[in-house]
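When you get a sec, could you give me coordinates for this:
(2 chains)
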Amino acid sequence: MKTNLLFPASFKYISILFLATPVFCYFFDIMLFNNNRFMEKTLFEFLVSCALFLIVFSKYKDDDEMLYSIRLKTTVYSLLIGVFLLIGRPLLNFILWNQAETYESAGGIISTVLFFNVLFFLRERNKLKEALSDEELH
Amino acid sequence: MNTNFLFPAKFKTFGICLIAVPILVAALLKLLNADFTVDIKTLVKTLSQALICLGMFFMIYSKYKDDDEMLYMIRLQITVQSLFMAIIYLLINPLMDFFIFKDEINPQSAIQIIMFVLIYQNILFHYKRYQLKKELTKND
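This next block holds a predicted model:
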C-alpha cells in the first residue's frame, strides 16, 4: 500500500510549535503586521489549522492499514460536520434571530473541521490501542 | 480495510439531486422574475451553496460498485491533498492581497473554501477513478 502521502513523524513536533506561537503572542502581547488585526488573525488561524492537520496526517510509529482507514473515516465525519455547519448556522440564525446574513470565516470553518478531525482520530486511535492490548491479554 | 463508514450507493443519486435542485430553483426564480426581499435572497443563496457542497460530499463519499482498497487510498490521498491546499490557500490569498496587489484584504467566506475543497476532491477523484479503470481494462 502506498504510504508516502503522510508527513514524517517529526512534523508532530512542528505542530506543537505552531500551536504554541499564537498562545505565546497572546500572552506576551506581541503584535505582528503593524497592528493589522486581520492579517494577525489569518496567520494564527493558518498556524492552528496547520498544527491540527499535522497531528492527524503525520506518521505514527503504530501506523498500519487500520489507522489509514481511521484517518479517512474521521476526515469524512469531520468534513460532514463542516458541511452541516454551513447549512445549520444560517438556518438557525434566520429562524431564531431573523438574521439572513451569516458570516463565517474560511479559517474558522477549516479549524473547526480539523479540530473535530483530531478529536475523532485520537479517540479512535485510543480505542484501537485498547482493543489490541485487550486481545494481547486474553 | 473497514469500509462501512461510506454512505450507501444511492446517496450518489441523492447528491446529484442536491446539486441540481438549487440550480434549477435559481433558474426557475430567474425565469419567473420572483420578487423577494434581500434577506430571503441572501438566505436562499447561502442555503443553495451549502446544499451543493453536501451534494458534492455525497458524490465522493458514497460507495461505488468498483470500490476497492485502491479507491479508498485515492480518497484518502485526495482528502489529505485538498485539506492541505485549503490551508495554504487560507494564507496565500490575504498575503497576495496585502503584499502583491497592495489591495484591501478581503476576508474569505467558509462556503468559498469548503466548495474549493469539495470541487478539488470531486475533479481529482473522478479523474483518478477513470484512470484506474482504464488501466484495469488494459490489463484485462
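
Secondary structure class of A:Asp62, three-state.
Following DSSP: H, G, I helix; E, B strand; the rest coil, the label given to A:Asp62 is coil.

OK, contacts around it?
A:Lys129 (CB atoms under 8 Å, 6 or more residues apart in numbering or on different chains). Just so you know, the C-beta spots here come from the backbone N, C-alpha and C atoms, and that holds for glycine as well.

What residue spans form the domains of chain B?
Annotated domains of chain B cover B:1-63, B:65-140 [automatic domain parsing].

now these as TSV including mean pLDDT, mean neighbour count and distance to A:Phe28?
Shown next, in TSV, are the domains of chain B (pLDDT from 0 to 100; neighbours: other CB atoms under 10 Å in any protein chain shown; distance: least, CB to CB, whole Å):
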stretch	mean pLDDT	mean neighbour count	distance to A:Phe28
domain B:1-63	84	16	39
domain B:65-140	84	16	23
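
out of those domains, which comes closest to A:Thr42?
domain B:65-140 (4.9 Å; CB to CB).

How far away from the center of its chain is the closest one?
9 Å (CA atoms, centre = their mean, to the nearest Å).

wait, does that domain make contact with chain A?
Yes - for domain B:65-140 and chain A, the contact criterion (CB under 8 Å from any CB of the partner chain) is met by B:69, B:72-73, B:75-77, B:79-81, B:83-84, B:86-87, B:90-91, B:94, B:98, B:105, B:107-114, B:117.

Distance to A:Thr112 for the domains of chain B - can I get that in a markdown table?
Formatted as a markdown table, the domains of chain B follow (distance: least, CB to CB, whole Å):
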| stretch | distance to A:Thr112 |
| --- | --- |
| domain B:1-63 | 14 |
| domain B:65-140 | 9 |
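
Of all those, which one is nearest A:Ile110?
Short answer: domain B:65-140, nearest of the domains of chain B by CB to CB, at 5.7 Å.

Nearest approach to A:Gly107 belongs to which of the domains of chain B?
domain B:65-140 (5.6 Å).

Pull up the distance across the closest one, start to finish.
When the termini of domain B:65-140 are compared using CA to CA, to the nearest Å, they are 18 Å apart.

element containing residue 89, please.
In the absence of a named chain, this looks at chain A. helix A:65-97 (DSSP states H and E).

wait, chain B
Counting by DSSP H and E, B:Tyr89 is found in helix B:69-95.

A:Ala20: which of the domains of chain B is closest?
It's domain B:65-140; of these, that one is closest to A:Ala20 (CB to CB) at 17.9 Å.

For the most centrally placed residue in chain A, pull up the helix or strand it's in.
For chain A, the residue nearest the mean C-alpha position is A:Leu114 (2.2 Å; CA atoms, centre = their mean). In the assignment (DSSP H and E), A:Leu114 maps to helix A:106-137.

What's the mean pLDDT across that helix?
Across helix A:106-137, pLDDT averages out at 87.

rewinding a little: please report phi then psi for the closest residue to the residue nearest to the centre of chain A other than its chain neighbours.
Closest residue in space to A:Leu114, ignoring its immediate chain neighbours: A:Leu52 at 3.7 Å, by CB to CB, 6 or more residues apart in numbering or on different chains. With angles defined as degrees, to the nearest 10, A:Leu52 sits at phi -60, psi -40.

Neighbours of A:Leu52, how many?
26 (other CB atoms under 10 Å in any protein chain shown).

thinking it is in contact with A:Phe120, fair?
No - assessed by CB atoms under 8 Å, A:Leu52 is found out of contact with A:Phe120, at 11.8 Å.
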